[in-house]
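Novice: Build the 3D model from these lines:
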Amino acid sequence: MKAIGFRKSLPISDKDSFIMFEADQPSPSGYDLLVKVAAVSVNPVDFKVRQSAAKENTLEDPKIIGYDAVGEVVAVGDKVSLFKEGDEVYYAGDLTRSGSNAAYQLIDERIVGAKPKSLSIPEAAALPLTGLTAWESIFDRMKVDPNTAEGKSILVLAGAGGVGSIAIQIAKQIAGLTVIATASREETENWCKSMGADFVVNHHELKSGLEKIGHKEVDYILDCVDINGYWETVIDIIKPQGHIVTISGSSEALNLMLLKNKSVSFSWEFMFTRSMYTTDDIIRQHEILNEIADLVDKGVLKSTLKTELKGFSVENFKKAHEMQESGKSIGKTVITF
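Specialist: Now for the predicted structure:
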């Protein structure tokens, strides 16, 4: 089968940052589905893995990355019970296994959902990783209860990004929160509003911007960009007994003592935790993806697809990675095969 990968972590501008090659088509066993991949979307995790996985040594076998995917089940393992051959599926992948940037991929059925029927293949490919990340952040980490969320607010830092775009929708439409997103350009502000944000504030003037809209403090903060750069500010604007969740990681130690007087909770969110550790509730991602698909088909949620690149080529993967690395990408970028 054809696959695109890399042997060395190189700048995306390097001619060998991605290479196309022939790989053996895998066979499913256990809980695995063999999926014929039709489209993938590119996330920050893609370029971060590409930049770090082979920094010191050149790999003998090229590494295939890629996490979001939509495709058709063409074969199943002996323990599979949730899907059958011919089913259209979508999923966010597994960091510990070979990725979706290939013609065929093995994926555990317990982290796979049925593709939303109302969406095209590229529209569906935009949703899994960011949808799971946002859903887990709001309901698993913050433990927001839609029955008691009326009047409560959430601040989504970097609202126009992949996670921010779907987090705005889930927080507003499902959780019932007042949603404030950050953006600094007219196009990103308009995008956040189109996703359903009640307010958009400039992240360069975050505190004063919140005061202007009458939300000096917020109940929840979801950081999708750089918790280090905002740490003292978020401590200032989070309400007592509020909750902060970050997906961005931190290059430096965070001073959690600053949370003490307000009794603020802090959580990391890493969408790959369930698959990486085969947690007891790993099947929850299958359930969440199906729930998101149902909400999309009912018109409650919509795809965050912004850019579609057509064709399984090294050039398209390079372009998609360049867009992600720029930090200015809006919504999701999808490559259709």
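Novice: Just the helices from the stretch 101-250 of the chain, written as ranges.
Specialist: 121-125, 128-135, 162-169, 186-195, 206-212, 227-237 (DSSP state H, counting those that start in this stretch).
Novice: Flag the shaky bits of the stretch 51-200 of the chain, pLDDT-wise.
Specialist: Applying pLDDT under 70 to the stretch 51-200 of the chain flags no residue at all.
Novice: and of the helices of the stretch 101-250 of the chain, who's closest to E308?
Specialist: Nearest to E308, of all the helices of the stretch 101-250 of the chain, is helix 121-125, at 4.9 Å by CB to CB. For glycine as for every other residue, the C-beta is placed from the backbone atoms N, C-alpha and C.
Novice: Surely I174 and P146 touch.
Specialist: Yes: I174 lies in contact with P146 (CB atoms under 8 Å); the separation is 6.6 Å.
Novice: picking that back up, out of the helices of the stretch 101-250 of the chain, nearest to D219?
Specialist: Ranking the helices of the stretch 101-250 of the chain by proximity to D219 (CB to CB) places helix 227-237 first, at 10.6 Å.
Novice: In a strand, S41, correct?
Specialist: Yes: the assignment for S41 is a strand, going by DSSP: H, G, I helix; E, B strand; the rest coil.
Novice: shouldn't it be in contact with A126?
Specialist: Yes: applying CB under 8 Å as the test, S41 and A126 come out as touching, 5.2 Å apart.
Novice: These two: which is more packed in?
Specialist: A side-by-side neighbour count of S41 and A126, using other CB atoms under 10 Å, places S41 first with 32 against 29.
Novice: quick one, what contacts the more buried one?
Specialist: Counting by CB atoms under 8 Å, 6 or more residues apart in numbering, S41 touches D68, A125, A126, L129, G162, L305, K332, T333, V334, I335.
Novice: now swap in F18 and tell me
Specialist: Contacts of F18 (CB under 8 Å, 6+ apart): I4, G5, F6, V314, F317, K318, H321.
Novice: Which of those residues fall within strands?
Specialist: I4, G5 (DSSP state E).
Novice: Among the contacts of F18, which one sits closest to E269?
Specialist: Closest approach to E269 among those (CB to CB): H321, at 23.1 Å.
Novice: The closest one and K48 touch, don't they?
Specialist: No: the pair H321 and K48 does not pass the contact test of CB under 8 Å, sitting 10.3 Å apart.
Novice: Which of those two has more residues huddled nearby?
Specialist: Using other CB under 10 Å, the more surrounded residue of H321 and K48 is H321, with 20 against 14.
Novice: can you pull the pLDDT of that one?
Specialist: The model reports H321 with a pLDDT of 97.
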